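Peer 1: sequence first, predicted coordinates after that:
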Amino acid sequence: MPQPGPPTYHLSELVILDEVHRAPGLFPVLRGLIDQARRCGKRAGLYLLLGSASLGLLQQSGETLAGRIAYLELAPLDLLEVGAKQAETLWLRGGFPESLTVPSH
C-alpha cells in the first residue's frame, strides 16, 4: 500500500492572518508550511500577513522567513481616493477605511 505524502494545508487558497504582531511564534510555523508548499510546487501567494509593523516584528519575520517574504507598506486613504465631499471627514477621522466609514453618532 502506498504511503501518504505530507499533509497540505490550504495550498489552493490565500490564507489571511491579521494582527500577526500578537503572535510572534507564528513565523517559524509559517516557514515550515511555506517550505512544505514549495516542495509541492506552490511558490507564492500562500499567506497575507497583516498587522502593526514594529521594528522587532520586521526583524523577526525577516530572519525567520528569509527568502519567503515580501513587505508592502500601505498608506492611509487620501483625498483623491475618497473625493472632495469627504475631505473634512478624512481630515477629522483619519484615512483608514473603518475610521472613515463609521456612521456618525
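Peer 2: Received it, and whenever you're ready, just let me know what you need. Numbering: from 1, shown residues only.
Peer 1: return the helix or strand in this structure with minimum mean pLDDT.
Peer 2: helix 55-64 (a mean of 63; mean pLDDT, DSSP states H and E).
Peer 1: strands of the protein, residue ranges please.
Peer 2: For the chain, the strands defined by DSSP state E cover 15-17, 47-49.
Peer 1: could you dump the ones you listed to CSV with distance to Arg39?
Peer 2: Using the backbone N, CA and C atoms, a C-beta is placed for each residue, glycine as well. Conversion of the strands of the chain to CSV gives the following (distance: least, C-beta to C-beta, whole Å):
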stretch, distance to Arg39
strand 15-17, 18
strand 47-49, 16
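Peer 1: which other residues reach stretch 70-82?
Peer 2: Applying C-beta atoms under 8 Å, 6 or more residues apart in numbering, the contact partners of stretch 70-82 are 53, 58, 87, 89-90, 94-97, 100.
Peer 1: which residue is nearest the middle of the chain?
Peer 2: In the chain, the C-alpha nearest the mean C-alpha coordinate belongs to Leu49, at 2.0 Å (C-alpha atoms, centre = their mean).
Peer 1: so it sits right up against Val15, yeah?
Peer 2: No: Leu49 sits out of contact with Val15 when judged by C-beta atoms under 8 Å, with a separation of 9.4 Å.
Peer 1: where does pLDDT dip in the protein?
Peer 2: Residue ranges of the chain with pLDDT under 70: 1-12, 52-63, 104-105.
Peer 1: longest helix anywhere in it?
Peer 2: The single longest helix within the chain, with elements called by DSSP state H, is helix 26-39.
Peer 1: quick one: it to chain centroid distance?
Peer 2: Put simply, helix 26-39 sits 15 Å off its chain's centre (C-alpha atoms, centre = their mean, to the nearest Å).
Peer 1: list the buried ones in it?
Peer 2: Neighbour-count burial for helix 26-39, with 16 or more other C-beta atoms under 10 Å as criterion, is recorded at 26-27, 30-31, 33-34, 36-37.
Peer 1: highest mean neighbour count out of the strands of the chain?
Peer 2: With neighbours defined by mean count of other C-beta atoms under 10 Å, none of these is more surrounded on average than strand 47-49, at a mean of 17.
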